[in-house]
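> no FASTA, just this:
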Ligand SMILES: Nc1ncnc2c1ncn2[C@@H]1O[C@H](COP(=O)(O)O)[C@@H](O)[C@H]1OP(=O)(O)O
Ligand SMILES: [Mg+2]
Ligand SMILES: [Mg+2]
Ligand SMILES: [Mg+2]
């Protein structure tokens, strides 16, 4: 792995690893009343809030001038009705931040047993994620638990962090605590960390740090999307019908001549799976509800796929624009695939659109 954004990469890997340890341990202890429903009807748990508190606390200490676009905010925790939730989030975040230093971490990052934070400090850290985004300058974007529904089901979710500079994703980190470490052994050990730096490749590392060095070459496996023939392709798609138009995916699969059933998976674990050679196509078409995709849901995943030799665009072939604010703007869907397959998928989408329009006229 190269030295481009080396300091940022070290810090971001450590932050995502701590957040993954936190969320995995919280899953086993989650009780009723530790999950809220947000205004958009999506769930948020003490794990989402605490993971955002941890990552933002570390980033604020190490890169104090960088703004952060994070999914969550602390308003529900500050409310009187949020008192017990707030206490739990503070306890979980402090437990994570005060855990012993791991290989590659520095005490100057404000980590380790003497670094307890106050409630106000942790709520303020969560709210550091309120940045509105920008076309220029540096910013981080964080999804503390991507795929909260998957997390609650004990299935796939991901802790996702990216550094964006002048609207271009430069660094992407995705921690997947429930993803098999080795795709050839689906029932084997779980947990994988994915790291991509623009121009320097995509890598899988162990989720738990091993040995003294942070990322010795032998621990990082370089990822490359293989060439796919249609018989070997299958679509990687959302589990949630409300998030993506799965009936349209079926049509696209038919046009492509894909015979294998789709792989349904929550979160940016889909991008990680694609980057390491699973499926061959990431397809997410809008359901027509006016939902706008968020930058934290695609920034690290899209860089990971690009650095593994793939292409990620909207369904018209336009690049995703990370400079518009907290969202990607009007939603035309997202398509990710290896270079050769990507163009074929865009063609198949055109054809599927025409077929659908024709049927709707009849
Ligand atoms: N109505 C919606 N349409 C599309 N995506 C949504 C919607 N509501 C939430 N999401 C986000 O979609 C992503 C899940 O994608 P997938 O369906 O592929 O697993 C998550 O980031 C989820 O947020 P969250 O981070 O809160 O889980
Ligand atoms: Mg959410
Ligand atoms: Mg998300
Ligand atoms: Mg989330």
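Looks like it arrived, so ask away. Computed from a predicted model, the values in this text were never measured in an experiment. Ligands and ions are numbered 1, 2, ... in the order given.
> what segments of the protein are helices?
Assigned by DSSP state H, the helices in the chain fall at 6-27, 46-62, 75-78, 83-97, 119-127, 148-153, 246-256, 269-275, 299-307, 339-361.
> spell out which parts of the stretch 1-150 of the chain neighbour ligand 3.
143, 146 (CB under 5 Å from the ion). (Each C-beta comes from the backbone N, C-alpha and C, glycine too.)
> how near is the most centrally placed residue in the chain to residue 312?
Centroid-nearest residue in the chain, with CA atoms, centre = their mean: residue 160, separated by 3.5 Å. From residue 160 across to residue 312, the span is 14 Å (CB to CB, to the nearest Å).
> with residue 148 instead?
From residue 148 to residue 312 the distance is 23 Å (CB to CB).
> try residue 303
8 Å.
> same check, this time on residue 299
For residue 299, the distance to residue 312 - CB to CB - is 10 Å.
> more neighbours: which of these two?
residue 299 (30 against 22; other CB atoms under 10 Å).
> partners of the closest residue to the more buried one other than its chain neighbours in the sheet?
In space, not counting the residues next to it along the chain, residue 299 is nearest to residue 162; the distance is 3.7 Å by CB to CB, 6 or more residues apart in numbering. Residue 162 has the following beta-bridge partners by DSSP bridges: residue 141, residue 172.
> let me see the confidence value for residue 162.
As predicted, residue 162 sits at a pLDDT of 99.
> go on, the one 3 residues further on?
Looking at residue 165, its pLDDT reads 98.
> what residue in the stretch 251-362 of the chain comes nearest to ligand 3?
Using CB to the ion, the single residue of the stretch 251-362 of the chain nearest to ligand 3 is residue 297, 4.3 Å away.
> the stretch 51-200 of the chain too?
residue 146 (3.6 Å).
> do stretch 162-173 and ligand 3 meet at all?
No. Remark: stretch 162-173 sits outside contact range of ligand 3, by CB under 5 Å from the ion, the gap being at least 12.2 Å.
> span of that stretch from start to end?
6 Å (CA to CA, to the nearest Å).
> list the buried ones in that stretch?
Neighbour counts over stretch 162-173 (16 or more other CB atoms under 10 Å) mark 162, 163, 164, 165, 167, 169, 170, 171, 172, 173 as buried.
> now that stretch: how far from the chain's centre is it?
Mean-position distance between stretch 162-173 and its chain equals 13 Å (CA atoms, centre = their mean, to the nearest Å).
> same question, stretch 48-64
With CA atoms, centre = their mean, you get 16 Å for stretch 48-64.
> how about stretch 327-345?
Worked out by CA atoms, centre = their mean, stretch 327-345 lies 17 Å from the chain centre.
> distance between the ends of it?
Stretch 327-345: ends 24 Å apart by CA to CA.
> can you list the low-confidence ranges for the stretch 201-350 of the chain?
Low-confidence segments of the stretch 201-350 of the chain, defined by pLDDT under 70: 211-218.
> 50 instead?
216 (pLDDT under 50).
> go on, the stretch 1-150 of the chain?
For the stretch 1-150 of the chain (pLDDT under 50), the answer is 1-2.
> ok so, going back, which two in the buried residues of stretch 162-173 are spaced the farthest apart?
Greatest spatial distance in these: 167 and 173, 18.8 Å, computed using CB to CB.
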